[in-house]
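# Got a sequence here, can you model it:
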Amino acid sequence: MLKIAPSILSADFACLGSEIEEIKNAGADYVHFDVMDGAFVPNISVGIPVLKSIRKSTDMFLDVHLMVDRPVRYVRQFCSAGADLVNFHVEADSEKNILEAISIAKSMGKKTGVTLKPGTSAEAALPFLPFVDLLLVMTVEPGFGGQSFMYDQLPKISALRKMIDEINPACELEVDGGVDEKTAPFCKKAGADVLVAGSAVFGRSDRAAAVKAIREA
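Numbers count the residues shown, from 1 in each chain. As a prediction, the model looks like this:
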């Protein structure tokens, strides 16, 4: 079944704990935790202290998306803070260092993923695909919420679906950016397993209806 991972970027940070409890009760599968450093992407969001606080308040699966430069520097801290899965941008460092970050997270008992920006080819995932549990395709430029879905990324999603099925069938394929009940069917048809949704869930008063609408679209 398609999994839904609401992004806390669109949540009310004044009551983040209750916001996460609400999406849990609404049937969401993961919490998507976006970390921005103001360097790899132009915005700054949240980091290790917030992740620690969330970990104490929920048993939901925490899908931590590191939009940070040279993430190998921080992987141990995010694992220790309570991430269930740590996701690294392939563009954020050398292949060697991304593989090292994956290895560190695995050694700490965590799942791992890699992310591709819209301008990055599907083939860029190949060095990492045998070792990760999730592959994330960005369908907007990372760094800002509320952007429109980039339909030109659908062929890449389909190509990655084929690569995953051939190389690492246990790996999940996640899509993030402009996902709602209108764009979700395109993602599903292209082969996505997990959909990240921000305002399409947190921007709705009825979160359960929002999660259901995306999952069943």
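# Show the pLDDT at the residue lying closest to S158 once chain neighbours are set aside.
Once its chain neighbours are removed from consideration, S158 has its nearest residue in A190; the separation is 4.6 Å (Cβ to Cβ, 6 or more residues apart in numbering). Heads up, the C-betas are built off the backbone N, CA and C, glycines and all. Residue-level confidence at A190 comes out at 98, pLDDT.
# Just give me the neighbour total for A190.
The number of residues packed near A190 is 19, by other Cβ atoms under 10 Å.
# can you check M150 too?
Residue crowding around M150 was assessed by other Cβ under 10 Å; the count is 17.
# I figured it hits V137, correct?
No: under the criterion of Cβ atoms under 8 Å, M150 lies out of contact with V137, with a separation of 9.9 Å.
# Quick check: E22 vs T58, distance?
Going from E22 to T58 by Cβ to Cβ, to the nearest Å gives 11 Å.
# show me what contacts the residue nearest to S158?
Under the criterion of Cβ atoms under 8 Å, 6 or more residues apart in numbering, the contact partners of A190 comprise L154, P155, I157, S158, R161, V175.
# One more: A192?
L2, V137, I157, R161, L173, E174, V175 are the contacts of A192 under Cβ under 8 Å, 6+ apart.
# farthest-separated two in those?
By the measure Cβ to Cβ, L2 and V137 form the most distant pair in the contacts of A192, at 14.9 Å.
# What helix or strand is I214 located in?
Using DSSP states H and E, the element containing I214 is helix 207-216.
# buried set for that helix?
Using 16 or more other Cβ atoms under 10 Å as the test for burial, helix 207-216 gives R207, A210, V211, A213, I214, R215.
# Might one say that the third one is in contact with Y30?
No: checked against Cβ under 8 Å, the pair V211 and Y30 is beyond contact range at 11.4 Å.
# which residues do those two both contact?
Counting by Cβ under 8 Å, 6+ apart, the residues touching both V211 and Y30 are I4.
# can you give me the strands for the protein?
Taking DSSP state E to define them, one finds strands in the chain at 3-6, 30-36, 61-67, 85-89, 111-116, 134-138, 172-176, 194-197.
# any chance of these in JSON lines, plus mean pLDDT?
Formatted as JSON lines, the entries for those read as follows, by pLDDT from 0 to 100:
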{"stretch": "strand 3-6", "mean pLDDT": "98"}
{"stretch": "strand 30-36", "mean pLDDT": "96"}
{"stretch": "strand 61-67", "mean pLDDT": "97"}
{"stretch": "strand 85-89", "mean pLDDT": "98"}
{"stretch": "strand 111-116", "mean pLDDT": "98"}
{"stretch": "strand 134-138", "mean pLDDT": "98"}
{"stretch": "strand 172-176", "mean pLDDT": "98"}
{"stretch": "strand 194-197", "mean pLDDT": "97"}
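# Great, nothing more from me.
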